[in-house]
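> sequence unknown, structure follows:
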């Protein structure tokens, strides 16, 4: 599935909107219906009209080409659903990487200068690493627990390299 479809399914899952499937044989068609704003979904522990939920949440349904509709409708639904759910779970976990790392850095009292984005702009010109370093620095800004005398600084200095690559 394309990244647009995967992101849309992640949005639905995060909003607790789950496509409803009546039968295995129709699951692909029912998934397509929910992406297009038709059919039914599970929402607030009830089966309701997809259109009413999208209208209530101001969600614009996807616009899918006929070939994508045919591919999703006729393909093995299990593979599509596993890919979508894996993407949703991974996406949600990845958003927590920098905040968890910042909490660890604060607890260990790591030096904030390790996350100076100029280090990454000069030496490791990777968009995700620069973004991660900036996020960590922002999250740690104003903390009274960061220092520059920690023996573990070298261990934590690689966080933007790891988190940035994963986030990209």
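Thanks, I have the structure now. Just so it is clear, the model here is predicted, and its values are computed rather than measured. Numbering: from 1, shown residues only.
> now the most centrally placed residue in the chain: how far from residue 130?
Taking CA atoms, centre = their mean as the criterion, residue 91 is the residue nearest the geometric centre of the chain, at 2.5 Å. Separation of residue 91 from residue 130 (CB to CB, to the nearest Å): 20 Å. Every residue, glycine included, has its C-beta placed from N, CA and C.
> what pairs with residue 47 across the strands?
residue 42 (DSSP bridges).
> quick one, what contacts the residue nearest to the centre of the chain?
7, 10 (CB atoms under 8 Å, 6 or more residues apart in numbering).
> change it to 7 Å
Residues near residue 91 by CB atoms under 7 Å, 6 or more residues apart in numbering: residue 10.
> And for the one 4 residues further on?
Contact partners of residue 95, counting by CB under 7 Å, 6+ apart, are absent.
> Was I right to think residue 97 contacts residue 162?
No - using CB atoms under 7 Å, residue 97 makes no contact with residue 162, being 8.2 Å away.
> of the two, who's got more company?
Per other CB atoms under 10 Å, whichever of residue 97 and residue 162 has more neighbours is residue 97, with 18 against 14.
> separation between that one and residue 105?
Counting by CB to CB, the gap from residue 97 to residue 105 is 12 Å.
> follow-up on the earlier one: please state the backbone phi and psi of the residue nearest to the centre of the chain?
Here the main-chain torsion angles of residue 91 (degrees, to the nearest 10) amount to phi -60, psi -40.
> Look up the pLDDT of it for me, please.
Residue 91 carries a pLDDT value of 77.
> Output the lowest mean pLDDT helix or strand found in this structure.
helix 153-156 (a mean of 66; mean pLDDT, DSSP states H and E).
> That one: what's the following helix or strand?
Sequence order places helix 159-167 as the next helix or strand after helix 153-156, per DSSP states H and E.
> Can you list the helices and strands that that following helix packs against?
Counting contacts by 3 or more CB pairs under 7 Å, 6 or more residues apart in numbering; DSSP states H and E, helix 159-167 packs against helix 97-108, helix 127-140.
> quick one: low-confidence parts of this structure?
1, 75-82, 120, 123-125, 148-155, 158, 161, 168 (pLDDT under 70).
> Residue 33 is in contact with residue 49, isn't it?
No - counting by CB under 7 Å, residue 33 stays clear of residue 49, with 10.7 Å between them.
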